[in-house]
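Student: What would the 3D arrangement of this be:
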Amino acid sequence: MNSLIDFLNNDIKPLKSEEKIIDAQELFSEFPYTHFPVTEDSIYIGCITKDDSETLSSNASIGDNRHDFKRFYVRSEMIWLDVLEEFAKNETNILPVLNDQNKYIGYYELEDVIKFFHETPFLKETGNLLIIRKEANNFSMSQIAQIVESNNAKLLGLFISKIDNNFIEFTLKINLGGLNDIIQTFRRYEYEIISEHQEDTYLKNLKDRSDYLDKYLNI
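Tutor: Have a look, this model is predicted:
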C-alpha cells in the first residue's frame with residue numbers, strides 16, 4: 001500500500017499574492033476546487049475561496065484580499081485519518097501541505113485521500129461490519145478488542161461513528177471467527193447491537209417466539 005505522501009500533488013502551481021483576482025477566477029473556472037493556496041515569496045499565506053473570487057474585482061490584487069483567506073493546512077508527516085478530518089472540518093476538497101520547516105510543498109486532493117482510504121484493510125479486506133452502542137462512561141476500547149479476539153477473530157479497524165447524548169456508537173470491521181459468538185459476548189457485556197445480522201441467533205429466537213405467539217393468538 002502506498003504512503004499518503006505519494007498522493008502529494010504539484011500539477012498546478014499555487015497562486016501568487018501579486019497575481020490578479022482574474023487569475024484565480026480562471027483557475028476556479030477550469031478546476032472544481034473550493035479553495036486554492038496562495039504564496040508570497042514562496043511562503044504559504046492562506047487559501048483564497050472560489051466564492052470570494054467570484055465577488056471580488058477581477059483587476060484587484062489577490063494579496064490585497066488576504067484578510068479573507070482561509071489559513072488551514074496539513075503537515076507532510078500527518079497520518080491520513082488526521083488529513084481526512086481536516087478536509088471535513090474546513091469543508092474543502094483541497095489541502096495545502098507544509099513540511100516541518102513550514103515550507104509549502106504541494107497539496108492533497110480529497111478524491112486522492114478517499115482513494116487511499118479505500119486501500120486500507122478496513123475497507124479492502126473481506127470481513128463483517130458490526131455496529132455496537134454503549135453509554136459513553138461505560139466502555140473500553142481494550143474491552144471491545146478483547147471481546148473480538150477472545151472469539152478467535154481479528155479486528156481490522158474500529159472507529160466512533162456516532163455520539164448521541166450519553167451514548168457512543170462504534171463501527172467495527174471483523175474478519176475470521178464466529179460473528180454470532182462475538183455478538184452474544186457483546187450483549188453479555190451490555191453493548192447494544194445496532195446492525196442486523198443473519199447469524200444473530202438472539203434475534204432469530206425472538207422472531208421465532210413472535211411468530212409462534214402470532215400463530216397462537218390467531219387460533
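Student: to the chain's geometric centre, what's the distance from the lengthiest strand in the chain?
Tutor: Ranked by number of residues, the top strand in the chain under DSSP state E is strand 154-164. In terms of C-alpha atoms, centre = their mean, to the nearest Å, the centre of strand 154-164 is found 12 Å from the chain centre.
Student: Please name the strands paired to that strand in the sheet, noting orientation.
Tutor: Strand pairing for strand 154-164, determined by DSSP bridges: strand 167-175 (antiparallel).
Student: The helix or strand just after the strand it pairs with to strand 167-175, inter-axis angle?
Tutor: Following strand 167-175 in sequence order, the next helix or strand is helix 179-188 (DSSP states H and E). With axes from the mean of the first three to the mean of the last three C-alpha atoms, to 10 degrees as the basis, helix 179-188 and strand 167-175 are set at 160 degrees to each other.
Student: for helix 179-188, packing partners?
Tutor: Helices and strands in packing contact with helix 179-188 are listed as strand 128-135, helix 141-150, strand 192-193, helix 201-217; criterion 3 or more C-beta pairs under 8 Å, 6 or more residues apart in numbering; DSSP states H and E. Every residue, glycine included, has its C-beta placed from N, CA and C.
Student: ok, of those, where does mean pLDDT dip lowest?
Tutor: Comparing mean pLDDT across the helices and strands packed on helix 179-188, the weakest is helix 201-217, with a mean of 48.
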